[in-house]
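*Asks:* Mind folding the following:
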Amino acid sequence: MTASATPLWTPTAERVDRSAMSRMLLHAGVGDYPALHRWSVDEPESFWRAVWDQCGVIGDVGERTIGRGATMRATHFFPDAQLSIVENVLRRTGDEPAIIVVDETGTRTSSWDELAVDVGAMAAALTADGVAEGDRVAAWLPNGIEAVVAMLGAAAIGAAFSSTSPDFGAAGVLDRFGQIEPTVLFVVDGYHYGGRHFHRGAVRDEIVAGLPTVRRVVTVAEFDEYLAPHRATPAPIVRRGFDHPWYVLYSSGTTGTPKCIVHATGRVLLQHLKEHQLHCDLAAGDRLLYVTTCGWMMWNWMVSALASGVTIVCVDGNVMHPGPERLWDLVDEHHVDMLGVGAKYLDALAGVSFSPCQSNDLGSLRTLASTGSPLSPERFRWVYDEVKSDVHLASISGGTDLCSCFVLGDPTSPVYAGEIQRPGLGMAVDVWSEQGEPVQVGARGELVCTESFPSQPLGFWNDPDGARYRAAYYDRFAPEHDVWYHGDFAAWTEHGGVIIHGRSDTTLNPGGIRIGTAEIYRVVEQLDGIAESLVFGHDIDDDVRIVLLVVLDDGVELDDELRARITAAVRTGCSPRHVPRIIVAVDELPRTRSGKLVELAVGDVVNGREVRNIEALANPEALWAIRDALSLGPKSNQ
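*Replies:* Below you'll find the predicted structure:
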């Protein structure tokens with residue numbers, strides 16, 4: 001992926017002048033984004049106080065903007081502040097829609113006033129069920145009103161919320177919710193996708209049976225009944241600390257059971273307000289549609305847009321059903337200002353030669369965001385040729401770990417093919433070599449953040465000394481560096497933008513969906529005939545396909561029947577996205593001298609990269625055998 005010399009899009013002077021980013025430029029007294037970013041990193045107290053004021057955070061700001069600790073993770077933003085998520089999210093009133101839900105059965109809406117009533121009723125209903133501050137509320141729900149109300153109702157009483165989507169199997173759900181021990185669980189009996197209805201009653205029962213701490217289970221069918229006795233109760237407005245827990249997100253389960261990442265109210269709210277208003281140029285009355293599920297951090301990110309007075313359009317189901325025009329019809333029907341999709345969705349449209357600009361008006365669409373995986377330069381050009389010539393194409397990248405972005409769009413700057421426009425304001429992003437030194441423009445390295453930022457997670461659930469948290473983000477480089485290591489290969493461009501070259505850890509991203517290998521292992525290795533397995537990603541055609549290697553028990557063959565059993569087990573126990581594209585039987589798997597399997601080394605050798613730390617392997621010859629078995633590289637060790 002290389003940078004382009006000529007911009008594909010440049011904002012008009014009128015658009016720049018009316019943007020929230022321009023107001024921040026004026027406040028800082030600087031003339032362009034690079035200078036603004038330098039100020040935001042060099043003067044974080046001034047910058048983050050300006051974000052609080054300009055983005056309209058409601059609450060008691062306190063005296064201190066930053067309480068500095070000895071390390072990045074010990075530094076706290078707004079340590080004296082008090083705020084209420086509900087007070088911020090429900091700032092608008094009236095009968096205009098706050099939430100529009102579109103699924104394959106129809107459309108529903110919830111006005112700002114109706115949402116406030118539902119959140120108040122939810123808070124009261126949870127309280128009546130004995131949920132108190134510090135408890136956990138979990139939801140296995142589609143992207144809709146019920147999930148939003150459950151999240152905000154929990155926040156109103158100080159409980160932590162966590163969600164995942166109904167296409168997750170019981171094992172994946174229990175791996176997540178089982179760790180945080182929820183007291184109330186919201187579930188669905190089934191969901192619609194691609195014109196089909198998927199019954200999930202048996203999976204639901206297995207999930208409920210596996211969560212002994214749950215005292216109350218509420219299905220979507222019972223939702224109105226659950227809230228009805230409490231609809232006269234207003235949502236409690238209780239201001240809590242900036243670091244009060246809001247929700248729990250999950251790592252993808254690469255090296256074991258998914259890590260429970262605890263995010264705080266003020267930390268993510270402030271970051272999201274900055275990203276929505278400054279980087280995405282959203283304002284009260286605008287409409288945001290992000291294609292996501294309740295199992296992805298982009299859902300949490302989207303819901304926060306309510307705090308900017310933005311209407312969110314929640315789409316559930318297959319956005320390519322009944323045809324590729326489906327999503328673009330919704331943009332026109334609901335006058336969407338900003339649309340967010342996965343990069344692979346745009347690839348899919350191009351693959352079927354669908355041109356949105358030929359079939360739809362798209363007059364309301366100002367911003368198109370892409371995330372989930374790197375967007376190729378060719379696809380950047382395709383957007384401007386086939387979607388809309390005057391749209392801000394904002395490729396963005398961050399993660400569940402920070403529930404926000406390190407690099408993203410800037411509505412006041414040009415867009416170049418293949419480039420993410422800018423590092424985020426207040427984010428001291430850099431690209432480092434293996435030795436911990438900044439690299440030159442164009443050179444690949446590790447994406448890092450060298451200074452504290454508000455949306456660092458509080459930590460991991462059940463990690464009392466913070467050891468796993470430190471290992472995940474801070475132990476990659478020597479302790480004296482004290483930088484956040486993100487696990488992305490990246491490079492600076494000559495325009496001040498960033499190119500993401502993919503993950504440098506073992507998280508897989510087929511179709512732009514983050515998948516952890518350990519989730520697949522837990523299903524596959526329960527099957528009769530399989531001794532052990534290894535999963536890695538093979539880079540092909542600007543995508544990643546999942547490859548599963550299996551070592552079989554004596555006398556077992558990898559025939560069509562066993563392949564079908566593996567596929568069915570992964571589809572049911574994990575999700576359809578986890579199903580491997582290739583399954584290969586091998587004699588042995590490479591491992592370290594201490595016996596640990598090495599996914600990274602396999603991915604490196606198959607994808608033509610240098611194998612790092614090969615001296616640490618007990619049986620490196622297994623790597624070459626795997627490469628030869630897949631016919632994806634030279635036949636001999638080099």
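*Asks:* What is the lowest-mean-pLDDT helix or strand in the chain packed up against?
*Replies:* In the chain, no helix or strand scores lower on mean pLDDT, DSSP states H and E than helix 517-524, which sits at a mean of 77. If contacts are counted by 3 or more CB pairs under 8 Å, 6 or more residues apart in numbering; DSSP states H and E, helix 517-524 sits against helix 170-180, strand 530-540, strand 543-552, helix 560-573. Backbone N, C-alpha and C define where each C-beta goes, glycine included.
*Asks:* Poorly predicted segments of the chain, please.
*Replies:* For the chain, applying pLDDT under 70 flags the ranges 1-4, 252-256, 503-507, 509, 511-516, 518, 592-596, 612-616, 632-638.
*Asks:* for it, what's the longest helix?
*Replies:* When the chain is parsed with DSSP state H, its longest helix is helix 112-128.
*Asks:* Give the pairing partners of the next helix or strand after that one; include direction for each.
*Replies:* The C-terminal neighbour of helix 112-128 among helices and strands, as given by DSSP states H and E, is strand 136-140. Note on strand 136-140: by DSSP bridges, its sheet partners are strand 160-164 (parallel), strand 184-187 (parallel).
*Asks:* Quick check: which of the helices and strands packed on helix 517-524 is nearest to residue 16?
*Replies:* Of all those, strand 543-552 sits nearest to residue 16, with 35.2 Å by CB to CB.
*Asks:* So which residues make contact with the closest one?
*Replies:* Residues from elsewhere that reach strand 543-552, judged by CB atoms under 8 Å, 6 or more residues apart in numbering: 344, 347, 373, 502, 508-511, 515, 520, 524, 529-538, 558, 566, 578-589, 602, 606, 626, 630.
*Asks:* neighbours of residue 475, just the number please.
*Replies:* Neighbourhood size, residue 475 [other CB atoms under 10 Å]: 12.
*Asks:* looking at the sheet around the residue nearest to it when sequence neighbours are not counted, what are its partners?
*Replies:* Distances taken as CB to CB, 6 or more residues apart in numbering place residue 485 nearest to residue 475, at 7.9 Å, with adjacent residues excluded. Following DSSP bridges, residue 485 is listed with bridge partners residue 448.
*Asks:* quick one: buried residues of stretch 411-423?
*Replies:* The neighbour-count check on stretch 411-423 (16 or more other CB atoms under 10 Å) flags 411-413, 415-423 as buried.
*Asks:* same check, this time on stretch 47-61
*Replies:* So stretch 47-61, judged by 16+ other CB under 10 Å, has buried residues 47-48, 50-52, 54-55, 57, 59, 61.
*Asks:* And it, end to end?
*Replies:* With CA to CA, to the nearest Å as the measure, stretch 47-61 spans 14 Å from end to end.
*Asks:* coming back round to it: now the helices and strands packed on helix 517-524 in TSV, with mean neighbour count and distance to residue 460?
*Replies:* Formatted as TSV, those follow (neighbours: other CB atoms under 10 Å; distance: least, CB to CB, whole Å):
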stretch	mean neighbour count	distance to residue 460
helix 170-180	22	10
strand 530-540	20	23
strand 543-552	21	26
helix 560-573	16	24
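*Asks:* Just send these back as JSON lines, with distance to residue 339 too.
*Replies:* Below are those laid out as JSON lines (distance: least, CB to CB, whole Å):
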{"stretch": "helix 170-180", "distance to residue 339": "28"}
{"stretch": "strand 530-540", "distance to residue 339": "27"}
{"stretch": "strand 543-552", "distance to residue 339": "21"}
{"stretch": "helix 560-573", "distance to residue 339": "29"}
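*Asks:* so how far is residue 81 from the closest residue to residue 65 other than its chain neighbours?
*Replies:* Excluding its sequence neighbours, the residue lying closest to residue 65 (CB to CB, 6+ apart) is residue 45, at 4.3 Å. Distance, residue 45 to residue 81, by CB to CB, to the nearest Å: 13 Å.
*Asks:* Neighbour count for the two, which is higher?
*Replies:* residue 81 (24 against 12).
*Asks:* isn't residue 519 right next to residue 579, touching?
*Replies:* No: judged on CB atoms under 8 Å, residue 519 makes no contact with residue 579 at a distance of 11.8 Å.
*Asks:* Comparing these two, which shows the higher neighbour count?
*Replies:* residue 519 (26 against 18).
*Asks:* Next, find the distance separating the more buried one from residue 251.
*Replies:* When residue 519 is compared with residue 251 (using CB to CB), they lie 11 Å apart.
*Asks:* okay, and the common contacts of those two?
*Replies:* Common neighbours of residue 519 and residue 251 (CB under 8 Å, 6+ apart) are residue 258.
*Asks:* Of all the strands paired with strand 136-140, which one is nearest residue 294?
*Replies:* Shortest separation from residue 294 across these is recorded for strand 160-164, at 4.1 Å, computed as CB to CB.
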